[in-house]
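Colleague: Structure of the sequence below:
(one chain, ligands or ions: 1)
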Amino acid sequence: MTGHQILTLAVGQMSHGGHCVARHEGRVVFVRHAVPGETVRAVVTDGSSTSRFWRADVIDVLEGSDHRRRHPWKQADALRAYDHDQLPVGGADYGHITDVHQRRLKSQVFRDTMQRIGSIDISTLDTDHMGPEGDIIAEHLPGADAAGMHWRTRVSFGVVGGSLAMKPSRSHELIPLRSMPLAVESVGASGIFSWNFAGARSVDVVAPGGEEPLTLIVRTGSPSGSESPTGLEGRLMDLAASSPKVGSIILAAETAPSRRGRRRYDQLQPSSVDYRVVVGDRTISEPLPTPVGDRLAVTLPPEGFWQIHRSAPSALVRTVDRMAHLPAGGSAIDLYAGAGLFTAWAASRTGASGQVLSVEAASPTSDAARKLFAGVPNVEVVQATAESTANRLVTSDLVVLDPPRTGAAKRVLSGIDAADPGQIIYISCDPASFARDSRLLCDLGWTIRDIALLDLYPNTHHMESVALFERS
Ligand SMILES: C[S@@+](CC[C@H](N)C(=O)[O-])C[C@H]1O[C@@H](n2cnc3c(N)ncnc32)[C@H](O)[C@@H]1O
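Modeller: Here you go, the predicted model:
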């Protein structure tokens with residue numbers, strides 16, 4: 001291993017995943033916490049003499065970029081952490097880059113990833129959002145502060161020594177937190193960073209609609225029916241009584257080991273977790289950008305999927321609405337539908353004489369959709385995987401798909417193609433899987449007509465794209 005080797009590097013372009021590309025003696029080095037154009041000293045964190053590439057973290061900036069700023073979150077500030085012989089916590093890997101430049105880099109990464117993985121040149125697209133360098137301008141969303149903080153309505157923490165904690169990127173070490181400024185203000189104001197969670201394995205915090213009161217899901221490894229030896233439950237009740245900003249606490253005991261790689265908010269097998277309300281309610285309420293009849297909000301369990309930026313639901317629906325041609329009386333299919341964000345929009349567009357099919361695999365989330373659309377005759381909610389449904393789809397005016405980070409399976413895309421809808425709108429949180437899936441759709445005879453890039457994850461390398469496909 002080359003651990004602790006220090007290199008002086010001239011840093012090149014930003015790549016997918018938040019690393020800048022540099023070279024050392026012919027070998028590629030992926031450098032974290034850098035800005036393209038800088039000269040830095042970086043410590044090698046991964047790689048051996050036989051590795052094709054190395055990874056390194058910036059510890060000192062010799063020639064800084066004009067786009068560098070002081071990281072607004074001290075515990076995630078790599079330079080500060082290395083000065084104190086510590087590791088920075090992960091989760092805000094773009095925090096050292098100015099707000100406007102973060103979005104410029106995301107645009108470039110998206111364009112380059114589409115070219116590299118999908119062999120798709122987006123610079124020729126005829127869209128209002130085209131930037132001067134042939135990349136899609138990433139849209140800034142309201143709901144964060146000037147430093148791009150306080151937008152997350154959902155945050156997951158580990159627990160160490162009773163304190164809420166997070167890991168540095170690519171590390172298993174848990175670092176106790178003093179705050180988590182990406183989260184909406186009520187999370188910091190609730191006092192939970194000084195609570196004693198000893199006995200818990202992890203804690204998920206949800207601020208429905210970005211507001212208070214918060215709901216906490218406190219996860220333990222033992223059945224929640226048995227009082228833990230650390231007295232966790234009693235302590236949580238006392239703490240909740242002293243904090244008006246925490247409305248509900250739910251103990252979640254894993255009754256079967258969690259599968260690696262499963263996402264926290266879309267548990268497809270909820271039976272392996274036993275949920276029990278300690279304080280407050282078992283469900284939360286999220287405001288809907290498009291009401292369903294007189295229902296202005298959807299009720300769902302806090303572990304069910306909902307977009308994490310407080311402005312994401314309205315921004316995504318607005319973008320889909322701008323791209324789609326969905327007439328009154330028309331038909332739409334919403335795959336990977338969650339609790340029905342886009343189903344609600346499609347139902348309001350198509351009206352009473354239209355038809356909308358909403359397909360979601362996770363049962364708690366799909367149950368929420370079924371309750372939301374109960375009594376709405378033109379909406380059918382199906383709890384199933386997109387894969388099992390795709391070969392039975394009938395033709396429609398529009399298919400919306402919003403898969404998890406891994407993208408859509410090949411047979412989902414082939415099934416959509418065979419059903420021959422008028423339009424496909426693909427919402428993605430990962431440019432790499434989106435580029436792969438776009439290639440497949442293009443090979444099946446579809447063309448990208450429009451793309452929007454939304455900065456749903458400020459201060460991180462993540463981005464969201466919404467793309468419209470039509471037949472070539
Ligand atoms: C990115 S979320 C989008 C949800 C919804 N469109 C929204 O914006 O609220 C992806 C959803 O797909 C669901 N999901 C994951 N794998 C699936 C599959 N194979 N088939 C159907 N749904 C799946 C997840 O449970 C999650 O609700």
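Colleague: does the closest residue to residue 419 other than its chain neighbours count as helix, strand or coil?
Modeller: Among residues not flanking residue 419 along the chain, residue 393 sits closest, at 3.9 Å (Cβ to Cβ, 6 or more residues apart in numbering). Backbone N, C-alpha and C define where each C-beta goes, glycine included. Following DSSP: H, G, I helix; E, B strand; the rest coil, residue 393 is assigned to coil.
Colleague: Distance check, residue 393 against residue 379.
Modeller: Note on residue 393: its distance to residue 379, by Cβ to Cβ, to the nearest Å, is 16 Å.
Colleague: Please apply the same query to residue 332.
Modeller: When residue 332 is compared with residue 379 (using Cβ to Cβ), they lie 10 Å apart.
Colleague: if you count what's nearby, which of these two comes out ahead?
Modeller: residue 332 (28 against 25; other Cβ atoms under 10 Å).
Colleague: Now do the phi/psi pair for that one.
Modeller: phi -150, psi 150 (degrees, to the nearest 10).
Colleague: Need the residues that contact the longest helix along the chain.
Modeller: Determined from DSSP state H, the single longest helix within the chain is helix 99-118. Helix 99-118 is contacted by residues 13-16, 35-36, 65, 67, 94, 97, 120-123, 131, 133-138, 140, 146-148, 431-432, 434-436, 438-439, 442, 453, 455, 458-459, 461, 463, 465 when judged by Cβ atoms under 8 Å, 6 or more residues apart in numbering.
Colleague: Can you give the distance of the helix or strand just after it from its chain's centre?
Modeller: Sequence order places strand 138-139 as the next helix or strand after helix 99-118, per DSSP states H and E. Put simply, strand 138-139 sits 16 Å off its chain's centre (Cα atoms, centre = their mean, to the nearest Å).
Colleague: Just checking: what are the partner strands of strand 138-139?
Modeller: For strand 138-139, the pairing partners within the sheet under DSSP bridges are strand 446-454 (parallel).
Colleague: now the partner strand and helix 99-118, what's the angle there?
Modeller: Strand 446-454 runs at 160 degrees relative to helix 99-118, counting by axes from the mean of the first three to the mean of the last three Cα atoms, to 10 degrees.
Colleague: Using PDB, write out the CA atom coordinates for strand 446-454.
Modeller: C-alpha atoms of strand 446-454 as PDB (Å, rounded to 0.1, in the frame of the first residue of the first chain):
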ATOM      1  CA  TRP A 446     -35.900   6.800 -29.200                       C
ATOM      2  CA  THR A 447     -34.400  10.300 -29.300                       C
ATOM      3  CA  ILE A 448     -33.700  12.700 -26.400                       C
ATOM      4  CA  ARG A 449     -35.800  15.800 -27.100                       C
ATOM      5  CA  ASP A 450     -35.100  17.700 -23.800                       C
ATOM      6  CA  ILE A 451     -33.100  17.500 -20.600                       C
ATOM      7  CA  ALA A 452     -33.300  19.500 -17.400                       C
ATOM      8  CA  LEU A 453     -30.600  19.300 -14.700                       C
ATOM      9  CA  LEU A 454     -31.800  20.100 -11.200                       C
END
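Colleague: That one near the ligand at all?
Modeller: No: Strand 446-454 stays clear of the ligand (Cβ under 6 Å from any ligand atom), getting no nearer than 12.1 Å.
Colleague: Could you chop the chain up by domain?
Modeller: What automatic domain parsing lists as the domains of the chain is 6-68, 154-284, 286-471.
Colleague: okay, now residue 63: neighbour count?
Modeller: 10.
Colleague: Measure how buried whichever residue of the stretch 1-150 of the chain sits closest to the ligand is and give me the count.
Modeller: Residue of the stretch 1-150 of the chain nearest the ligand, by Cβ to the nearest ligand atom: residue 141 (14.6 Å). The burial count assigned to residue 141 is 21, neighbours taken as other Cβ under 10 Å.
Colleague: Does it belong to a helix, a strand or coil?
Modeller: Under three-state DSSP, the three-state class of residue 141 is coil.
Colleague: Next: residue 356.
Modeller: Assignment for residue 356 (three-state DSSP): strand.
Colleague: That one touches residue 334, doesn't it?
Modeller: Yes: with contact defined as Cβ atoms under 8 Å, residue 356 counts as touching residue 334 (6.7 Å).
Colleague: anything in contact with each of those two?
Modeller: Joint contacts of residue 356 and residue 334 (Cβ under 8 Å, 6+ apart) are 343, 346.
Colleague: If we ignore the residues flanking it in sequence, what's nearest residue 416?
Modeller: Per Cβ to Cβ, 6+ apart, closest to residue 416 is residue 399, 5.2 Å.
Colleague: Equivalent analysis for residue 208, please.
Modeller: Of all residues not flanking residue 208 in the chain, residue 284 sits nearest, at 4.2 Å (Cβ to Cβ, 6+ apart).
Colleague: Low-confidence bits of the stretch 101-250 of the chain, can you list those?
Modeller: 222-229 (pLDDT under 70).
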